[in-house]
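Undergrad: I would like to see how this sequence folds:
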Amino acid sequence: KVGETSGNLEEILAHLAIQMKKEHELISKVKGAMLYPAVVLVAMIGIGILMMIVVVPKLVDIFKELGTELPLSTRVMIKTSDLLVNHLWIFLGLFIGLVIVFKILNRSKVGGRLFQSFILSFPLIGDVVAKINLARFARTLGSLIESGEAILKALDIVSRTLSNVYYRDSLKEISKKVEKGLSINEALSGYPKLYPPLVVQMIEVGEETGTLGKTLNRLAEFYEGEVDQITQNLSSIIEPILVVIIGAAVGFFAVSMIQPMYSLSGAL
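TA: From the prediction side, this is the model:
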């Protein structure tokens with residue numbers, strides 16, 4: 001629409017192609033980095049449930065025949081196994097119900113804001129979400145300004161492209177402040193938790209030198225590079241954490257099931 005109105009549709013389509021390519025690469029890297037831990041966790045939970053339903057009941061029969069006193073960890077494991085074997089459908093129903101309730105709450109205005117606020121404050125993940133939104137903000141606004149779009153209209157368009165509600169709302173308020181005469185960097189400085197000093201200072205330089213579009217595109221490249229670096233490091237950070245979690249789970253199961261046998265052999 002902007003291209004048809006201003007008569008430079010070809011140039012704007014070129015900007016749009018670059019922007020869509022960058023956004024696709026960004027989201028693909030984040031999804032790729034999260035896929036490995038998600039698959040491992042799902043597999044671990046699935047195997048754990050299978051062990052509780054199939055393996056533990058057979059060991060319980062052995063313990064009953066031996067008549068030995070069971071340690072606390074073993075009793076906890078047996079109780080958990082009994083609950084899963086006898087009430088598996090209830091657990092599945094509760095899980096499905098929780099997923100449905102979460103989706104409904106997330107789609108609601110209040111629930112969505114609470115969830116997105118939690119995500120932003122969550123270590124590491126919040127940093128990635130913030131940088132993705134900052135990269136998209138800078139890339140989209142820079143493309144629109146270079147295409148000749150009016151700043152207020154550009155801010156309105158950008159506010160509708162961001163994934164986080166707090167960034168969307170902040171840009172709506174910033175647009176109102178700019179309309180009243182404030183510069184973009186002055187309006188952004190009122191939201192230090194969303195827009196770091198680097199963003200404000202870079203935009204200030206761009207406004208003073210008349211190169212705001214190019215400055216925003218450089219800022220977008222910087223944050224895209226930051227997200228790229230984080231996603232590359234994510235595997236090296238998550239992998240040892242997963243190893244520790246899996247090792248702890250396997251160790252707890254092994255100790256709980258083997259300890260009574262050692263106790264019995266010691267008594268004999």
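
Undergrad: For residue 148, give me phi and psi.
TA: Main-chain torsions, residue 148, degrees, to the nearest 10: phi 90, psi 10.

Undergrad: With residue 163 instead?
TA: In this entry, residue 163 is assigned phi and psi values of phi -80, psi -30 (degrees, to the nearest 10).

Undergrad: In contact with it, which residues?
TA: Taking Cβ atoms under 8 Å, 6 or more residues apart in numbering, we find residue 163 in contact with 129, 132, 133, 136. C-beta coordinates here come from the backbone N, C-alpha and C atoms, glycine included.

Undergrad: which element is residue 245 on?
TA: For residue 245, the host element (DSSP states H and E) is helix 212-267.

Undergrad: Against residue 150, how distant is residue 176?
TA: As defined by Cβ to Cβ, to the nearest Å, residue 176 lies at a distance of 15 Å from residue 150.

Undergrad: typed the wrong thing, it's residue 86
TA: Applying Cβ to Cβ to residue 86 and residue 150 gives a distance of 66 Å.

Undergrad: Kindly report the same for residue 250.
TA: 61 Å.

Undergrad: For those two, indicate the residue with more neighbours.
TA: Between residue 250 and residue 150, counting by other Cβ atoms under 10 Å, residue 250 is the more crowded of the two (14 against 11).

Undergrad: Which pLDDT value does the model give that one?
TA: At residue 250, the pLDDT value in this model is 83.

Undergrad: same thing with the one 4 residues further on?
TA: The per-residue pLDDT reported for residue 254 equals 80.

Undergrad: before we move on, what about the one 4 residues further on?
TA: At residue 258, the model reports a pLDDT of 77.

Undergrad: How about residue 20?
TA: Reading off the confidence values, residue 20 has pLDDT 81.

Undergrad: Counting neighbours, what do you get for it?
TA: Other residues close to residue 20 by other Cβ under 10 Å number 11.

Undergrad: What distance do you get for it to residue 27?
TA: 11 Å.

Undergrad: who's in contact with residue 256?
TA: Here residue 256 is in contact with 71, 73, 74, 76, 77 (Cβ under 8 Å, 6+ apart).

Undergrad: what are the ranges of the helices in the stretch 101-250 of the chain?
TA: 109-121, 125-146, 151-159, 165-179, 184-188, 197-209, 212-267 (DSSP state H, counting those that start in this stretch).

Undergrad: Adding distance to residue 59, write those helices out as a markdown table.
TA: Formatted as a markdown table, these follow (distance: least, Cβ to Cβ, whole Å):
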| stretch | distance to residue 59 |
| --- | --- |
| helix 109-121 | 40 |
| helix 125-146 | 38 |
| helix 151-159 | 59 |
| helix 165-179 | 50 |
| helix 184-188 | 62 |
| helix 197-209 | 58 |
| helix 212-267 | 6 |
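
Undergrad: so which of the ones you listed comes closest to residue 91?
TA: Set against residue 91 and scored by Cβ to Cβ, the helices of the stretch 101-250 of the chain come closest in helix 212-267, at 18.0 Å.

Undergrad: how far away is the spatially most central residue of the chain from residue 255?
TA: Taking Cα atoms, centre = their mean, the centroid of the chain lies closest to residue 125, which sits 5.0 Å from it. Distance, residue 125 to residue 255, by Cβ to Cβ: 32 Å.

Undergrad: Low-confidence ranges, the stretch 1-150 of the chain, go.
TA: Applying pLDDT under 70 to the stretch 1-150 of the chain picks out residues 1-3, 5-6, 66-68.

Undergrad: Tell me where it has strands.
TA: In the stretch 1-150 of the chain, no segments count as strands under DSSP state E, counting those that start in this stretch.
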